[in-house]
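Trainee: coordinates for the following, if possible.
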Amino acid sequence: MTTASIEPPQDTHPVGPARHERLSALVQQHGALAVLLIVSLVASLSFDSFATGDNISNMATSSAFLAIVALGMTFVIITGGVDLSVGSLFALGGVLAAWGSRHGTLVALLLPLAVCGLIGVVNGLLIARSRLAPFIVTLAAMLGARGLMLALTDEGADTYLIGKGSFLAELGQGTTLGLGNPVWITLALFVAGAVVLRRTRFGQHVYAVGGNEDAAALMGAPVARTKILVYALSGLLAGLAGALNAAWLASGVTILGSGMELDAISAVVIGGTLLTGGLGYVSGSLVGVLLLKVIQNVINQIGSLDSSYQQVVSGAFLAVVVIAQTWLGRRRQLM
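Mentor: A predicted model of the protein is given here:
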């Protein structure tokens, strides 16, 4: 009698592609953090003043305002959109906060939130209900918000001041445990944003809309409402950032916010969020902001380089990240 030999079952799972996919996801999510750590380490070894407590505290505080704007931009870009109005809303929020401080802290905080949030809602309605392109809608809002801000300040001739010793001034200029209050507010907002994006139904809808809008609608996701909410959130956070910045400077400076929308988009994309939507990380956006600020600080430490070199380096980083995202996306499609 002959007995058939029993061979062990073969593993049919594609180990190689799965490993490459995990590696790609790891690079996508944590690549910016690795670059940030390397740049910070090199800067600490090269410049004695880089790793000092004062320098770190100043970098953290100056990063807080852009980080808050980038948080709202993260939600927008994950849905596949873009918000070009945040820079103007940032400036408008600062002017409204400084103007409102004459009527009390509550008005100074609520007025920029209400106005900037309302502009965000209008952006969302036009994009979601009228199906207009986000680029055009938010570009119009950018021009309109900047015009409103100039009208309030008589073409920038009037500068509203925030009184010293007020609660609003303390909110922007005070410190807790060695870090400025805006830093702690920013960290709290990012924790809340991460929870909302990862642990709530709204966060699932944000990813679904960005991944495939038609499929999200077929699954019952409220596509229009999700878009309206993310643009409202973006406007709200831009206004809040502007109000905090005004409190930090003790005045509503009209020249701020120009180009801030591009910095926010750069930080979000460098942090691993896909420009095409459907994939993104709140933590990555924070890392992207810190990386841009560290680069700026290193250029200032060098001294012999003009500040414009920061934009050159930031643009190069952004180009590399977008190319890498495209390459990784194509590899995933081929696997």
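Trainee: point out where this structure drops to low pLDDT.
Mentor: Low-confidence segments of the chain (pLDDT under 70): 1-29, 304-307, 310, 325-326, 328-335.
Trainee: point to the residue nearest the middle of it.
Mentor: For the chain, the residue sitting closest to the mean C-alpha position, by CA atoms, centre = their mean, is Ala70 at 1.3 Å.
Trainee: my read is that that one contacts Ala264, right?
Mentor: Yes: the pair Ala70 / Ala264 is scored as a contact, 4.5 Å apart, by CB atoms under 8 Å. Every C-beta, even on glycine, is put in place using the N, C-alpha and C of the backbone.
Trainee: hang on, the earlier thing: which residues sit in contact with the residue nearest to the centre of the chain?
Mentor: Contacts for Ala70 (CB atoms under 8 Å, 6 or more residues apart in numbering) come out as 264, 267-268, 271, 285-286, 288-289.
Trainee: swap the cut-off to 10 Å and go again
Mentor: Going by CB atoms under 10 Å, 6 or more residues apart in numbering, Ala70 touches 63, 77, 86, 186, 190, 234, 237, 241, 260, 263-268, 270-271, 273, 282, 284-286, 288-289, 292.
Trainee: hey, what's in contact with both of Ala70 and Ala264?
Mentor: With CB under 10 Å, 6+ apart, Ala70 and Ala264 have common neighbours 77, 86, 234, 241, 285, 288-289, 292.
Trainee: out of those residues, who's nearest Ile228?
Mentor: Of all the shared contacts of Ala70 and Ala264, Ile228 sits closest to Ser234, with 11.0 Å by CB to CB.
Trainee: what is the neighbour count of the residue nearest to that closest one when sequence neighbours are not counted?
Mentor: Leaving aside its sequence neighbours, Ser234 sits nearest to Gly72 (CB to CB, 6 or more residues apart in numbering; 3.5 Å). Gly72: 30 surrounding residues under other CB atoms under 10 Å.
Trainee: following element in sequence after whatever helix or strand Ser62 lives in, please.
Mentor: Under the criterion of DSSP states H and E, Ser62 resides in helix 53-78. Using DSSP H and E, the next helix or strand after helix 53-78 towards the C-terminus is helix 86-100.
Trainee: by contact count, what packs against that following helix?
Mentor: Other elements packing on helix 86-100 under the criterion 3 or more CB pairs under 10 Å, 6 or more residues apart in numbering; DSSP states H and E are helix 53-78, helix 105-128, helix 134-152, helix 167-173, helix 223-249, helix 260-270.
Trainee: alpha carbons only: can I get it in CSV?
Mentor: What follows is helix 86-100, C-alpha atoms only, in CSV (Å, rounded to 0.1, in the frame of the first residue of the first chain):
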residue,chain,number,x,y,z
VAL,A,86,-7.9,81.4,6.5
GLY,A,87,-5.1,84.0,6.3
SER,A,88,-7.6,86.8,5.8
LEU,A,89,-9.8,85.4,8.5
PHE,A,90,-6.8,85.2,10.9
ALA,A,91,-6.2,88.9,10.3
LEU,A,92,-9.9,89.8,10.6
GLY,A,93,-10.2,87.8,13.8
GLY,A,94,-7.3,89.7,15.4
VAL,A,95,-8.8,93.1,14.4
LEU,A,96,-12.3,92.1,15.7
ALA,A,97,-10.8,90.8,19.0
ALA,A,98,-8.9,94.0,19.5
TRP,A,99,-11.9,96.2,18.6
GLY,A,100,-14.2,94.0,20.8
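Trainee: just want the angle from it to helix 260-270.
Mentor: Interaxial angle of helix 86-100 relative to helix 260-270 (axes from the mean of the first three to the mean of the last three CA atoms, to 10 degrees): 130 degrees.
Trainee: could you confirm Ser275 falls within a strand?
Mentor: Just to correct that, residue 275 is Leu rather than Ser. No: counting by DSSP: H, G, I helix; E, B strand; the rest coil, one finds Leu275 to be coil, located in no strand.
Trainee: now it: how far from Ala91?
Mentor: 25 Å (CB to CB, to the nearest Å).
Trainee: cool, Ala267 as well?
Mentor: 18 Å.
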